[in-house]
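Q: sequence and predicted structure are below.
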Amino acid sequence: MHRLLSRNQVAAVALVILLGLVIGVLGLVAADLYTVGVLILFVGGVGAAVLAGEYLIRYLGSRRPPA
């Protein structure tokens, strides 16, 4: 059976979210960095939503129909 989610995909999304958090914290010093951090977090959130949707589609597609 195939894996539902690739480890590389999950790691990439987690890295984008972590990067957004770090830049957002640095944004406490410079307002421009805060804005960039929020935008990167948004992109990470979209990536997480895509992964969650892919997981649901594959999970629901692999279930057997009720008898």
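A: Arrived safely, thanks for sending.
Q: which parts of the helix ranked longest in the chain are buried?
A: In the chain, taking DSSP state H as the definition, the longest helix is helix 31-62. By neighbour count on 16 or more other CB atoms under 10 Å, the buried set for helix 31-62 is L33, Y34, V36, G37, I40, L41, G44, G47, L51. For glycine as for every other residue, the C-beta is placed from the backbone atoms N, C-alpha and C.
Q: with adjacent residues omitted, what lies nearest to the fourth one?
A: Spelled out, it's G37. Spatial nearest neighbour of G37, excluding adjacent residues (CB to CB, 6 or more residues apart in numbering): G24 at 2.9 Å.
Q: give me the element the one you found is part of.
A: Assessed by DSSP states H and E, G24 sits inside helix 7-26.
Q: so which bits of that helix are buried?
A: By 16+ other CB under 10 Å, the buried positions in helix 7-26 come out as V13, V16, I17, L19, G20, I23, G24.
Q: the third one touches A49, doesn't it?
A: No. Taking contacts as CB atoms under 8 Å, I17 lies outside contact range of A49: 11.8 Å.
Q: in contact with the most centrally placed residue in the chain, which residues?
A: By CA atoms, centre = their mean, the mean C-alpha position of the chain lies nearest to A48, the distance being 2.6 Å. Taking CB atoms under 8 Å, 6 or more residues apart in numbering, we find A48 in contact with V13, I17.
Q: recalculate using a threshold of 7 Å.
A: Taking CB atoms under 7 Å, 6 or more residues apart in numbering, we find A48 in contact with V13.
Q: that one and Y34, how far apart?
A: Distance from A48 to Y34, counting by CB to CB, to the nearest Å: 21 Å.
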